[in-house]
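**Q** The amino acid sequence is not available; the structure is as follows:
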């Protein structure tokens, strides 16, 4: 046989891949997200990984970030390019999907979508070029009730309470209210835009810097700037905001925010899990009402773990139907990576199975195969050790992979139709008839 | 506001997208596959969608089928190409992943992988350019026991029995045995290769055509050709095969096949779910021992719904470690598409939720929100109707989306802390106190 040339595989920067013990944690998180999305009545959709280039660039998005598809082996003189490119988020594909299928969908359309997206970012720590997003949106046809804006934080609360990464708080604002307040301070529309940009960065810089930026970039006088900074950085209630005499836009935003706050209370979201926070801006154009960010209380350095908001019109580039909506996105890959970094999540076992059935005497294989079949039939994820090794080596393998239990059977057990169940962390052993083995495993796993 | 230019979205040929009621069926199938893979102790991995081009083309694969990534907005005079391309299967990525991480994996490495793959096929009916594959493989380091070859069909059996698409049969062969038999008939190595190609197509053509092809393409005389065709087209048992006096390769293959058959019996795979079938070839190069195909008994026109086999060395292009393995692949997208076509699977509801909580009196919103919260807390997937419409319209919406139950509460129910549960298929209604609503829903869903 001729010597094969070896191409040594190397990781590709920005394209993360988990080891099995990490992937099982990711799957656990994805399962919680999926279950909670469904519990709230969101239905799954999945769009192709690619869109036509004209769809992706319809809004004039920065094209630098997009990976286009080309034919690797186009013939001599052939144009290798195609009209397709990988999607860079799930919003554009959903907009296109909803516009394309609107006659076959029922509105309000409540969809979730958990898929990889791709961005041609320059690789750097914490920046991924391929990552999972897990989005929900409720999309109305023509109009969409504010009750949806109140229900979204319930879903966030349900998910992060189950993931169990410490206390978190959903910070809620309304862009109409904030913009109205700024207009009421005498700012021009242009000044409001500049001020929002400064407020968006308020947590990354000092108070002095924010005041200076408001003056320099939005042309705001010192007293007004101080008043704005005071309001957006202090805890406020709906009652506090009602005490401010505002213009029409401010009052419209306050009315919406009040309805969202009432809804949250009626949905029984615990009061410490959310707060009104006027510093939340979420970019400059897309969102038009309610906006959300979610922060870990003890680990604010992780950044927002879930963000979103209300928009006027999802798919104005693809249809003349007006499709208002509200939604959130969880950047699962980034979140997981950060949670591993700060130690809030830890890789565990390298197998989804709890039990390893060892094989002591290969002449008695059918007995061991029967044990494995019994456990699997009872719904217990079980691996059978398939190789000809000593039981001691099989138990080392079980430890290495992180099995919780091992089943062992020697001459005595086989003769009596029993098996030994060994707890691999405590070392405890007990003998059970084959018919009682599944129950014993269930008890040991529950204990 | 300026008029936005509308880009009318169109499906992209070969990139299938499901409607919600279809996607829920796909998710149901994917969930069964995932659960059964895990029940048998396979651990999930996921590789990046892209590989370096040199990895994908290391074996000299037909490059026409590969989509390469290029930067959509490379600057003037810049080369837009990258060294990355989309994977076209899950075998090459797994080989690369195992070679790259071998020091951090525990062998035998039992992995499953469910991901999209991409192929630049010319679009035609039933050919997809983006589709799901769901693979399992057991990979040994240096060697791998035959017990694995017997366990793989157990997993296939468990999956398709649960999916419930009628009876199926796993057809099992051993390439050593078949090749040995052909050599024993006096064929040269070249003649064996040609004969395998003809046998691979045996079910698509007449017996006469096969005989003629064996003569024309493999230079086999009429009597030998008839003997070969008889053997590979008739039902055979291990005992039948033992009665044939064969050479070394034949006997090695028969010994392997015998062990697999014994293992299947010991794993209690029902006898009607598998058979030895010497017509199964599975291509020409990759597989070296056991090979599998799976057929629907009543719908053979669907083709093999799950195929695979044993190979000598997974990753010879990426490492000098010898990594033998055995595995199977389910082409989920193609399978689902065919099952929809022949009516073995049907789209159902367009929501994962079973219950719609309707809102009769918007002044009493907190009451309805409390009902929804109660059901969700009990683990029942529930949608709350969020828009201001009449209850009649809300019930039409519930019908359209396929909810099984609706919750209705008017003045009387609210005053008494109860709600009406309506079965949307039977029309049956019953009244329950709020505290008993979740139990009533569970009973209705079980009934």
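**A** That came through fine. Nothing here was measured: the structure is a model prediction, and the numbers come from that model.
**Q** Show me the residue at the heart of chain A, geometrically.
**A** residue A:330 (3.0 Å; C-alpha atoms, centre = their mean).
**Q** wait, doesn't it sit right on residue A:308?
**A** No. The criterion here is C-beta atoms under 8 Å, and residue A:330 misses it with residue A:308 at 9.3 Å. For glycine as for every other residue, the C-beta is placed from the backbone atoms N, C-alpha and C.
**Q** Please list all residues in contact with the residue nearest to the centre of chain A.
**A** Counting by C-beta atoms under 8 Å, 6 or more residues apart in numbering or on different chains, residue A:330 touches A:33, A:133-135, A:159, A:305-306.
**Q** That one: what secondary structure?
**A** Here residue A:330 is recorded as strand under DSSP: H, G, I helix; E, B strand; the rest coil.
**Q** Residue A:79 versus that one, what's the distance?
**A** Residue A:330 is 39 Å from residue A:79, where distance means C-beta to C-beta, to the nearest Å.
**Q** Where do the helices of the stretch 251-400 of chain A begin and end?
**A** A:332-342, A:365-377, A:391-401 (DSSP state H, counting those that start in this stretch).
**Q** I'd like those laid out as JSON lines, including distance to residue A:139, mean pLDDT and mean neighbour count.
**A** Formatted as JSON lines, the helices of the stretch 251-400 of chain A follow (distance: least, C-beta to C-beta, whole Å; pLDDT from 0 to 100; neighbours: other C-beta atoms under 10 Å in any protein chain shown):
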{"stretch": "helix A:332-342", "distance to residue A:139": "22", "mean pLDDT": "95", "mean neighbour count": "18"}
{"stretch": "helix A:365-377", "distance to residue A:139": "42", "mean pLDDT": "97", "mean neighbour count": "21"}
{"stretch": "helix A:391-401", "distance to residue A:139": "44", "mean pLDDT": "98", "mean neighbour count": "16"}
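**Q** residue contacts, the residue of the stretch 301-447 of chain A found nearest chain B?
**A** Distances between the stretch 301-447 of chain A and chain B by C-beta to the nearest C-beta are smallest at residue A:383, namely 3.0 Å. With contact taken as C-beta under 8 Å, 6+ apart, residue A:383 is in contact with A:351, A:353, A:355-357, A:372, A:403, B:40-41, B:110.
**Q** can you check residue A:162 too?
**A** Neighbouring residues of residue A:162 by C-beta under 8 Å, 6+ apart: A:32, A:36.
**Q** three-state assignment of the residue nearest to residue A:53 when sequence neighbours are not counted?
**A** Spatial nearest neighbour of residue A:53, excluding adjacent residues (C-beta to C-beta, 6 or more residues apart in numbering or on different chains): residue A:85 at 5.1 Å. Classification of residue A:85 using three-state DSSP returns strand.
**Q** give me the number of residues near residue A:85?
**A** 27 (other C-beta atoms under 10 Å in any protein chain shown).
**Q** who does it bridge with?
**A** As for beta bridges, residue A:85 partners with residue A:51, residue A:68 under DSSP bridges.
**Q** That one and residue A:70, how far apart?
**A** Distance from residue A:85 to residue A:70, by C-beta to C-beta: 10 Å.
**Q** the domain parsing of chain A - what is it?
**A** Annotated domains of chain A cover A:20-69+A:77-166+A:298-342, A:355-446 [the TED database].
**Q** Let's have the ones you listed in JSON lines, adding distance to residue A:288.
**A** Formatted as JSON lines, the domains of chain A follow (distance: least, C-beta to C-beta, whole Å):
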{"stretch": "domain A:20-69+A:77-166+A:298-342", "distance to residue A:288": "5"}
{"stretch": "domain A:355-446", "distance to residue A:288": "47"}
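**Q** which one of the ones you listed lies closest to residue A:238?
**A** Closest of these to residue A:238 is domain A:20-69+A:77-166+A:298-342, at 13.0 Å (criterion: C-beta to C-beta).
**Q** Isn't residue A:260 up against residue A:151?
**A** No. Judged on C-beta under 8 Å, residue A:260 makes no contact with residue A:151 at a distance of 9.6 Å.
**Q** Which neighbouring elements make contact with the helix or strand hosting residue A:38?
**A** Per DSSP states H and E, residue A:38 falls inside helix A:20-39. Packing partners of helix A:20-39 (3 or more C-beta pairs under 8 Å, 6 or more residues apart in numbering or on different chains; DSSP states H and E): strand A:43-44, strand A:109-118, strand A:130-139, helix A:147-163, helix A:332-342, strand B:43-44.
**Q** quick check, distance from stretch A:150-161 to the centre of its chain.
**A** 12 Å (C-alpha atoms, centre = their mean, to the nearest Å).
**Q** again, but for stretch A:74-90
**A** 29 Å.
**Q** What distance separates the opening and closing residues of that stretch?
**A** Distance between the two ends of stretch A:74-90: 30 Å, counting by C-alpha to C-alpha, to the nearest Å.
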